[in-house]
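Q: missing the sequence, but the structure's below:
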Ligand code: UGA
């Protein structure tokens with residue numbers, strides 16, 4: 001089988017690398033030629049654990065990387081993993097996927113092959129049926145289900161464990177009609193992931209599953225964050241003990257109950273907004289989803305209130321932010337709560353110094369000269385009047401009394417409770433922990 005992957009972002013590149021590293025014949029396509037050159041040289045455009053290692057193994061085998069779409073013409077499977085970014089009203093922007101599908105359709109029209117097109121990009125229910133299928137049929141002059149297969153295949157990988165999740169997904173979802181193409185794809189995935197459940201359903205359900213998944217995760221986070229804020233006002237209460245304990249209940253489960261500054265990243269906030277917008281379009285009031293989103297926005301306001309309570313005025317204060325990546329083990333700052341917080345603090349004229357083990361380059365693209373960038377944690381804390389731990393990087397667990405000795409004022413706001421068990425000579429506030437008795 002020859003496999004094409006269209007779009008070499010956070011989903012496409014790990015997938016192309018993993019498939020090629022396992023000996024598959026893979027053609028990886030992206031319209032950005034500079035990106036393709038980098039990838040061909042074994043360099044990932046973003047940081048993701050184990051990705052470059054896997055990519056390089058793939059490149060030594062049968063991985064071809066190019067911006068030339070025509071290379072897909074003799075492929076058996078064409079996997080589309082391009083972005084569906086957010087529009088200002090919360091809806092998803094389909095122009096990128098429409099362009100990719102139009103090009104694929106034209107190439108399909110000239111090919112003698114009967115390939116299967118898999119859509120991994122996150123799209124609102126109905127998009128396959130109403131947008132993607134008509135574009136493909138019109139531009140190829142061929143019929144879906146007869147001349148080529150068309151299958152929804154939502155992705156559930158997490159950034160920071162993309163390679164692992166690509167190798168060992170918890171589920172594979174295949175949406176579409178029960179054709180010979182569906183059988184072929186099912187066999188392909190059953191061989192690739194022998195221990196993973198495969199769910200076969202229709203397009204609309206597959207599209208909805210993706211939003212159900214992400215919106216449920218967001219709900220868990222907003223739930224625990226709201227309880228964390230309650231705990232903070234209950235002397236001695238500790239949100240982590242609560243999360244751990246309720247997590248033992250198999251009906252609840254232990255993951256995604258880590259209280260913090262709110263959910264960020266390129267997926268949960270975007271997918272929540274898209275689902276809320278979609279609900280509105282079909283005349284449903286998504287009361288719960290709205291509350292989840294509002295709770296998430298309020299979480300940052302809550303942190304700002306805490307800073308004000310501790311520092312009095314924010315103007316002219318030296319504030320250190322530890323962690324700008326939206327979570328550890330990534331350099332991705334898209335929709336990172338830390339970045340939004342810095343923007344708000346700058347508006348209040350604070351002096352900001354940031355530290356992040358991987359995301360400084362991306363952070364500089366947003367703030368340029370407006371803030372200071374520290375190379376070490378010690379530099380970041382020197383003369384600081386308040387430090388806010390935003391991202392749970394392992395390095396920050398080592399902070400101790402020695403690390404904070406050059407702080408001007410020893411105020412710590414720990415949004416991830418990394419230092420909760422340490423005896424620090426500082427005024428320590430942690431999201432979700434009432435004052436120690
Ligand atoms: C998310 C989903 O977890 C993936 O399953 C999905 O495939 C992906 O979106 C996507 O749609 O592409 P990701 O964006 O990589 O993955 O990030 P998460 O690990 O879900 O974290 C999102 C945010 O929630 C981060 O800001 C993180 O700090 C926060 N979070 C997560 C918490 O505050 N508490 C938790 O317990 C878990």
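A: Arrived safely, thanks for sending. Remember, predicted model here, so these are calculated numbers, not experimental data. Numbers count the residues shown, from 1 in each chain.
Q: shaky segments in the chain?
A: Applying pLDDT under 70 to the chain picks out residues 435-437.
Q: and it, which residues reach the ligand?
A: 122, 155-159, 214, 217, 221, 256-258, 260, 263-265, 267-268, 326-327 (C-beta under 6 Å from any ligand atom). Where you see a C-beta, it was placed from the backbone N, CA and C, and this is true even at glycine.
Q: Drop anything exposed from the residues you listed.
A: 122, 155-157, 159, 214, 217, 221, 256-258, 260, 263-265, 267-268, 326-327 (16 or more other C-beta atoms under 10 Å).
Q: Tell me which entries of these lie within strands.
A: Assignment to strands by DSSP state E places none of those there.
Q: Among those, name the ones in helices.
A: The members of those that map onto helices under DSSP state H are 214, 217, 221, 268.
Q: Of these, which pair is most distant in space?
A: 214 and 221 (10.7 Å; C-beta to C-beta).
Q: List the residues that are in contact with both of the two.
A: Taking C-beta atoms under 8 Å, 6 or more residues apart in numbering as the contact rule, residue 214 and residue 221 both touch residue 268.
Q: And residue 174, its phi and psi?
A: Per-residue torsions, residue 174: phi -120, psi 120 (degrees, to the nearest 10).
Q: burial of it, as a residue count?
A: 20 (other C-beta atoms under 10 Å).
Q: Name the nearest residue to it, sequence neighbours excluded.
A: residue 200 (5.1 Å; C-beta to C-beta, 6 or more residues apart in numbering).
Q: if I pick that neighbour, what's in contact with it?
A: Each residue near residue 200 by C-beta under 8 Å, 6+ apart is listed here: 174, 175, 178, 182, 186.
Q: Can you go through those and name the buried ones?
A: Among the contacts of residue 200, the ones that count as buried by 16+ other C-beta under 10 Å are 174, 175, 182.
Q: quick one, strands of the protein?
A: 2-6, 25-29, 63-66, 77-80, 116-119, 149-152, 172-175, 198-201, 318-322, 351-355, 372-373, 386-389, 411-414, 427-430.
Q: which helices and strands does the shortest one pack with?
A: To tie it back to what came earlier, the one meant is strand 372-373. strand 351-355, helix 360-367 (3 or more C-beta pairs under 8 Å, 6 or more residues apart in numbering; DSSP states H and E).
Q: Now tabulate the ones you listed in CSV and tack on mean neighbour count and distance to residue 243.
A: Shown next, in CSV, are the helices and strands packed on strand 372-373 (neighbours: other C-beta atoms under 10 Å; distance: least, C-beta to C-beta, whole Å):
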stretch, mean neighbour count, distance to residue 243
strand 351-355, 22, 27
helix 360-367, 16, 29
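Q: nearest to residue 416, of those?
A: So among those, strand 351-355 is nearest, using C-beta to C-beta, at 14.5 Å.
Q: Which strands or helices does the closest one pack on?
A: Using 3+ C-beta pairs under 8 Å, 6+ apart, strand 351-355 is in contact with strand 318-322, helix 337-347, helix 360-367, strand 372-373, helix 377-381.
Q: which of the ones you listed is buried the deepest?
A: Highest mean neighbour count of the helices and strands packed on strand 351-355: strand 318-322, a mean of 25 (counted as mean count of other C-beta atoms under 10 Å).
Q: by contact count, what packs against it?
A: Short answer (3+ C-beta pairs under 8 Å, 6+ apart): strand 318-322 packs on helix 337-347, strand 351-355, helix 377-381, strand 386-389.
Q: which other residues reach the last one?
A: I take that to be strand 386-389. Under C-beta under 8 Å, 6+ apart, the answer for strand 386-389 is 303, 307, 310-311, 317-323, 341, 380-381, 396, 404, 407, 409, 411-416, 418-419.
Q: 6 Å instead?
A: Residues from elsewhere that reach strand 386-389, judged by C-beta atoms under 6 Å, 6 or more residues apart in numbering: 311, 319-322, 381, 396, 411-416, 418.
Q: Over to the longest one?
A: If you take C-beta under 6 Å, 6+ apart as the criterion, helix 337-347 is touched by 261, 262, 264, 300, 321, 323, 324, 333, 352, 390.
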